[in-house]
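Novice: okay, here's the prediction I keep looking at, along with the sequence it came from:
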Amino acid sequence: MLLLVFFIKSCHFVIMTIHDIKAKKFNIPLADSFSYHTLTLTKLEYVLVEILSLKKQSGIGEAALAWDVTGETQDGSIAVVALICDIVRNSRVETVKDIEKIMGHIDNNLFGNTATKCAIESALFDLLGKQRKKPIYKLLNGKDKQWISFHKTFSFEESQNDLNKQMAFLVAQGVKLFKFKVGANEDKEAHMILSVRKNFPFVDIVLDANQTWDDYRDALFFLRQIRKARILWIEQPLKVHDYMGMQLMRRKINVKIMADESCHNLFDLEVLKKYNAVDLINIKLAKCGGLLAARKMIVFCEKHKIKYMLGDMIHSSVGTAYNLHAATLGNFITHDLTSPQRLKKDKAHGLVFNGFDVCIPEEHGLGVSLT
């Protein structure tokens with residue numbers, strides 16, 4: 001009798017089999033254009049991945065496609081999902097290990113396409129979380145955090161429009177760290193950054209160059225112009241594979257170097273460590289392929305005392321929710337997440353924002369639903 005009861009109870013948690021995987025265009029309009037050194041965005045041309053179980057449950061994920069970072073496009077992403085359908089269909093999703101197995105199988109058959117892989121992984125975890133009646137972060141033993149804070153990133157356009165007024169408003173809201181995109185006009189940017197430091201002496205300032213300089217000496221010249229601004233770090237000053245240039249920069253100036261485009265995954269991180277090329281890295285789920293890959297990078301950083309932040313590619317609430325679950329997995333020095341004001345219209349609902357604080361989702365799975 002006891003064995004029968006145990007069998008009946010255990011059946012509640014098993015035999016969830018994937019029936020189908022779908023992908024469709026997921027265009028997200030921005031409230032205003034967003035420019036940085038390599039690109040200007042007016043909308044996000046993303047892909048939504050949906051995975052369906054035989055029991056008609058579904059999980060979703062957002063492929064944050066960035067052709068200048070991951071090399072992916074909408075049509076290519078949709079084609080990739082069609083290519084790996086047979087790998088995913090009929091797979092069982094009952095545990096985290098099942099998801100690890102599926103993603104490992106995909107990795108063995110498909111190179112790159114990390115934003116698409118991230119969306120597939122998100123959909124799998126969303127599905128598992130709903131079945132297990134847990135938020136994703138609890139499936140991965142993430143830390144219990146009710147709220148996290150994120151910083152403000154200024155695009156080229158925002159930096160030119162009433163910056164002092166914007167800064168004063170944001171400081172009053174409790175924002176403490178401000179990131180400025182640079183690489184459009186060095187003279188104007190140097191003046192702007194020094195002015196910000198003069199008017200707001202107690203805030204933290206960081207820069208993001210998105211590979212602006214071809215030669216490390218040009219980057220050093222710019223940084224020496226603004227040395228009185230007390231910059232905490234500069235993100236990706238040089239081209240992706242200029243490890244020696246970043247190493248030389250670290251030796252010659254008292255500003256920390258963060259890798260973004262140079263650091264997609266654990267392998268890149270190991271190379272950067274070997275070259276002594278960075279002080280910090282920017283972990284983005286779309287670059288590395290999802291939470292499972294990000295967790296490996298976190299473990300490496302903790303072991304080697306490399307600091308790391310959580311970045312994003314600009315997201316709807318679908319992608320932001322997945323980032324929030326990632327935020328519980330490590331000791332991120334800051335979070336670069338998408339404010340709702342960045343979007344003209346969100347594609348999902350369920351997240352709770354209070355200025356630049358956001359609540360970790362507690363609903364089952366991803367914690368958001370499509371509008």
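Specialist: Done, it's in.
Novice: what segments of the stretch 151-300 of the chain are helices?
Specialist: Assigned by DSSP state H, counting those that start in this stretch, the stretch 151-300 of the chain shows helices spanning 156-159, 163-172, 186-199, 216-225, 243-252, 266-274, 285-288, 291-304.
Novice: number of nearby residues for residue 270?
Specialist: 14 (other C-beta atoms under 10 Å). Using the backbone N, CA and C atoms, a C-beta is placed for each residue, glycine as well.
Novice: revised request: answer the last question for residue 355.
Specialist: By other C-beta under 10 Å, the residues close to residue 355 number 13.
Novice: hang on, the earlier thing: I'd like the helices of the stretch 151-300 of the chain as JSON lines, with mean pLDDT appended.
Specialist: Output for the helices of the stretch 151-300 of the chain, formatted as JSON lines (pLDDT from 0 to 100):
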{"stretch": "helix 156-159", "mean pLDDT": "87"}
{"stretch": "helix 163-172", "mean pLDDT": "93"}
{"stretch": "helix 186-199", "mean pLDDT": "95"}
{"stretch": "helix 216-225", "mean pLDDT": "97"}
{"stretch": "helix 243-252", "mean pLDDT": "96"}
{"stretch": "helix 266-274", "mean pLDDT": "98"}
{"stretch": "helix 285-288", "mean pLDDT": "98"}
{"stretch": "helix 291-304", "mean pLDDT": "98"}
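Novice: which of these sits most buried?
Specialist: Mean neighbour count (mean count of other C-beta atoms under 10 Å) peaks for helix 285-288 among those, with a mean of 27.
Novice: who's in contact with that one?
Specialist: Counting by C-beta atoms under 8 Å, 6 or more residues apart in numbering, helix 285-288 makes contact with 63-66, 69-70, 114-115, 118, 263-266, 291, 294, 297, 312-313, 319, 322-323, 326, all of which sit outside it.
Novice: how far is it from where the chain is centred?
Specialist: In terms of C-alpha atoms, centre = their mean, to the nearest Å, the gap separating the centre of helix 285-288 from the centre of its chain is 6 Å.
Novice: so what are the domain limits for this protein?
Specialist: For the chain, automatic domain parsing gives the domain ranges 2-134, 139-370.
Novice: for residue 333, find the nearest of the helices of the stretch 151-300 of the chain.
Specialist: Proximity of the helices of the stretch 151-300 of the chain to residue 333 was assessed by C-beta to C-beta; the nearest stretch is helix 291-304, lying at 10.4 Å.
Novice: average pLDDT across the host helix or strand of residue 128?
Specialist: Under the criterion DSSP states H and E, the helix or strand holding residue 128 is helix 114-132. Here helix 114-132 scores 98 as its mean pLDDT.
Novice: follow-up on the earlier one: now the helices of the stretch 151-300 of the chain in CSV, with distance to residue 136?
Specialist: As requested, those are arranged in CSV below (distance: least, C-beta to C-beta, whole Å):
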stretch, distance to residue 136
helix 156-159, 32
helix 163-172, 30
helix 186-199, 37
helix 216-225, 39
helix 243-252, 34
helix 266-274, 21
helix 285-288, 12
helix 291-304, 8
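Novice: out of those, nearest to residue 131?
Specialist: Distance to residue 131, taken as C-beta to C-beta, is lowest for helix 291-304 among the helices of the stretch 151-300 of the chain, at 17.3 Å.
Novice: show me the contact partners of the following helix or strand past the closest one.
Specialist: Later in the chain than helix 291-304, the nearest helix or strand by DSSP H and E is strand 307-310. Residues from elsewhere that reach strand 307-310, judged by C-beta under 8 Å, 6+ apart: 258, 279-284, 297-298, 301, 323, 326-327, 330, 332-337.
Novice: do you know how far residue 230 is from residue 199?
Specialist: Taking C-beta to C-beta, to the nearest Å as the criterion, residue 230 is separated from residue 199 by 14 Å.
Novice: thinking again about what came up before, nearest to residue 127, out of the helices of the stretch 151-300 of the chain?
Specialist: Counting by C-beta to C-beta, residue 127 lies closest to helix 291-304 out of these; the figure is 14.1 Å.
Novice: ok, back up a step: out of the helices of the stretch 151-300 of the chain, nearest to residue 59?
Specialist: For those, proximity to residue 59 was assessed by C-beta to C-beta; helix 291-304 is nearest, at 13.4 Å.
Novice: mind checking how far the closest one is from the chain centre?
Specialist: Mean C-alpha position of helix 291-304 versus that of the full chain (C-alpha atoms, centre = their mean) differs by 14 Å.
Novice: for stretch 335-352, same thing?
Specialist: Taking C-alpha atoms, centre = their mean, the mean C-alpha location of stretch 335-352 is offset from the chain mean by 13 Å.
Novice: distance from the chain centre to the strand ranked longest in the chain, please.
Specialist: Of all the elements of type strand in the chain, the one with the most residues (DSSP state E) is strand 18-36. Offset of strand 18-36 from its chain centre (C-alpha atoms, centre = their mean): 15 Å.
Novice: the helix or strand that that strand is followed by pairs with which strands?
Specialist: As assigned by DSSP H and E, the chain's next helix or strand after strand 18-36 is strand 39-53. Strand 39-53 has the following sheet partners, assigned by DSSP bridges: strand 18-36 (antiparallel), strand 58-63 (antiparallel).
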